[in-house]
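A.B. asks: Have a look at this prediction, sequence included:
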Amino acid sequence: MTSSDRLDATFAALADPTRRAILARLASGEASVNELAEPFNMTQPAVSKHLKVLERAGLISRGQEAQRRPRRLEAKPFAEATEWLEKYRNIWANNFKRLDALIDQLKADELRKGKQTRSKQ
Amino acid sequence: MSNEDAMKLTMPSDVELVVTRTFNAPRKLLFEAWTNPKYLPQWMLGPVGWTMPVCEIDLRIGGSWHFVWRKSDGTEMEMRGVYREIKPPERLVSSESWGGPWPETLNTLVLTEEAGKTTMTLTILYPSKEAREAATMTGMAKGMAMSFDRLESYLVSQKA
């Protein structure tokens, strides 16, 4: 997957409130499918479906422990997603810094023009 | 406090993203900087390394705008929209579309002036909560509010 494809998968996976709640639960430690189904009052297959989406997005992975196969959070896509929001913020911050410089210049131009007009009168 | 710190990104509702920033200039100049194709390519450039070779503006209600950005390696990005409300120097409403899977948004720019300073409020209205969440990732942050501190320490520990 390219970084952009992975971001798409991350966004899609996170668009669902149940999946976000599952991730929130996993943020406090790994858990088995059973352990995840319980607090959400969901059947195992329903939880499994959500877990599959999260797994495909690379947001979670399965532990090796044969019996429980505990799911755990994967850090990389989160780092990429956070990075995206950070980039968005930076884009605006940079734009506005340039805008500051531009309006300073426009103000100086106006001042000069104003002086010229006055001197003509 | 520097001007950069004064920029705020907030989410007053499920479908909005609001950017606010104060500028040391009368709003007349800000309105000009947002609507004049002579000025926009001088500042609305995004990340370092991008230029804006196309900036077409038909500043009429129903008139369209079209911006193209280009990176030094030739990569291009474009954005289009239609002006819905134009009230110089205080208000500008237009649609904005990146094309592809991105949803069309309705952007409202409001400029208020006080003692020679202008506060700019840009409200980006998404067609749905999901659209905004997909676009901003804030859903994640919100959904995880309770666990976010834990998540953060987890991420930090993974990076180390």
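C.D. replies: In hand now; what should we look at?

A.B. asks: by contact count, what packs against the helix or strand encompassing A:L23?
C.D. replies: Per DSSP states H and E, A:L23 falls inside helix A:17-27. Using 3 or more C-beta pairs under 8 Å, 6 or more residues apart in numbering or on different chains; DSSP states H and E as the contact test, the elements touching helix A:17-27 are helix A:3-14, helix A:33-40, helix A:44-56, strand A:71-73, helix B:138-143, helix B:148-159. For the C-beta atoms, the positions are set from N, CA and C on the backbone; glycine is no exception.

A.B. asks: Average pLDDT for it, rounded please.
C.D. replies: The average pLDDT for helix A:17-27 rounds to 80.

A.B. asks: For that helix, list every residue counted as buried.
C.D. replies: A:R19, A:R20, A:A21, A:I22, A:L23, A:A24, A:R25, A:L26, A:A27 (16 or more other C-beta atoms under 10 Å in any protein chain shown).

A.B. asks: Looking at these, spot the one nearest chain B.
C.D. replies: Closest approach between those and chain B, by C-beta to the nearest C-beta: A:R20, at 3.1 Å.

A.B. asks: Touching, the closest one and A:L26? I think so.
C.D. replies: No. Using C-beta atoms under 8 Å, A:R20 is not in contact with A:L26; the gap is 10.7 Å.

A.B. asks: picking up where we left off before, in TSV: the buried residues of helix A:17-27, plus distance to B:S128.
C.D. replies: Below are those laid out as TSV (distance: C-beta to C-beta, whole Å):
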residue	distance to B:S128
A:R19	17
A:R20	16
A:A21	20
A:I22	22
A:L23	21
A:A24	22
A:R25	26
A:L26	27
A:A27	26
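
A.B. asks: does any bit of the biggest strand by length in chain B sit next to chain A?
C.D. replies: In chain B, taking DSSP state E as the definition, the longest strand is strand B:76-87. No. Against chain A, strand B:76-87 shows no contacts by C-beta under 8 Å from any C-beta of the partner chain, the least distance being 11.3 Å.

A.B. asks: quick one: least confident helix or strand in chain B?
C.D. replies: The least trusted helix or strand in chain B, going by mean pLDDT, DSSP states H and E, turns out to be helix B:138-143, with a mean of 41.

A.B. asks: where do the strands sit along chain B?
C.D. replies: All strands of chain B, identified by DSSP E, fall at B:8-10, B:16-23, B:50-57, B:64-71, B:76-87, B:91-96, B:105-114, B:117-125.

A.B. asks: list the buried ones in stretch B:77-88?
C.D. replies: By neighbour count on 16+ other C-beta under 10 Å, the buried set for stretch B:77-88 is B:R80, B:G81, B:V82, B:Y83.

A.B. asks: any idea which of the residues you listed is closest to B:V18?
C.D. replies: The closest of those to B:V18 turns out to be B:G81 (C-beta to C-beta; 18.0 Å).

A.B. asks: Enumerate every residue touching that closest one.
C.D. replies: B:S64, B:W65, B:S94, B:S95, B:E96, B:S97, B:N107 (C-beta atoms under 8 Å, 6 or more residues apart in numbering or on different chains).

A.B. asks: and the longest strand of chain B with strand B:105-114, angle?
C.D. replies: Using axes from the mean of the first three to the mean of the last three C-alpha atoms, to 10 degrees, the direction of strand B:76-87 lies 60 degrees away from that of strand B:105-114.
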